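**Q** here is a sequence together with a model predicted from it:
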Amino acid sequence: MEKKLLNLLTALCIVSLPFLFKGSKMRENLVIFFSKGVIATLIDAYVVGTKRVAYPVRPFPKIFKTNIIYDILFFPILSVVWVKISYNDKFWKILLKSLIFSVPMSLGQWFMESKTGLFKWKKWSPFHTFASVNFTLFTIRGLVGLLKILDKLKGKQDITQSQG
């Protein structure tokens, strides 16, 4: 059953990719996607390396100790969606929208951990998931904020250069 769930998750992620990367913010979405993949992989490698979480069923178990489907597909896709829905929001709305992602993720992982063999929590809990999801969401959102500032500065610089 676990392999079927992973295959379903992989298929859903791959099907969603073309819809996420269309439009005028394609560069930003790609930066979000790949940045979240790196952050999730680093955090997951630490969590697995310190034996807080284990992934008994995962793709390429002889190569990876983490579940690369979560790290390089699922979590990055969720981050792209989250940034899209919170792109023009102020802090309190961003915080509220982060709960829309982190609470169901925490509860879903808690349920899946108890009902499947996809992962096993050793020194982990739904609160750890909640904290790590929010940390990575806000880290990525901060990166997007930085990109927005840099784009504005670049736009001002381009105007100045074209006038001179």
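**A** Received, thanks. Residues are numbered from 1 along each chain as shown.
**Q** neighbours of Phe74, just the number please.
**A** Phe74 has 20 neighbours, counted by other Cβ atoms under 10 Å. In short, each C-beta sits where N, CA and C put it, glycine included.
**Q** residues contacting it?
**A** Counting by Cβ atoms under 8 Å, 6 or more residues apart in numbering, Phe74 makes contact with 9, 13.
**Q** return the distance of it relative to Ile149.
**A** To Ile149, Phe74 is 29 Å away according to Cβ to Cβ, to the nearest Å.
**Q** who touches stretch 30-45?
**A** 20-21, 53, 65-68, 70-72, 75-77, 79-80, 83, 132, 136, 139-140, 143-144, 147.
**Q** could you dump it to PDB, C-alpha only?
**A** These are the backbone C-alpha positions of stretch 30-45, laid out as PDB (Å, rounded to 0.1, in the frame of the first residue of the first chain):
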ATOM      1  CA  LEU A  30      11.200  28.200 -10.100                       C
ATOM      2  CA  VAL A  31      13.400  29.900  -7.400                       C
ATOM      3  CA  ILE A  32      10.800  29.000  -4.800                       C
ATOM      4  CA  PHE A  33      10.500  25.400  -6.000                       C
ATOM      5  CA  PHE A  34      14.300  24.800  -6.100                       C
ATOM      6  CA  SER A  35      15.000  26.700  -2.900                       C
ATOM      7  CA  LYS A  36      12.400  24.800  -1.000                       C
ATOM      8  CA  GLY A  37      13.800  21.600  -2.400                       C
ATOM      9  CA  VAL A  38      17.200  22.500  -1.000                       C
ATOM     10  CA  ILE A  39      15.900  23.600   2.400                       C
ATOM     11  CA  ALA A  40      13.600  20.600   2.800                       C
ATOM     12  CA  THR A  41      16.400  18.200   1.800                       C
ATOM     13  CA  LEU A  42      18.900  19.700   4.200                       C
ATOM     14  CA  ILE A  43      16.400  19.700   7.100                       C
ATOM     15  CA  ASP A  44      15.300  16.200   6.300                       C
ATOM     16  CA  ALA A  45      18.900  14.900   6.000                       C
END
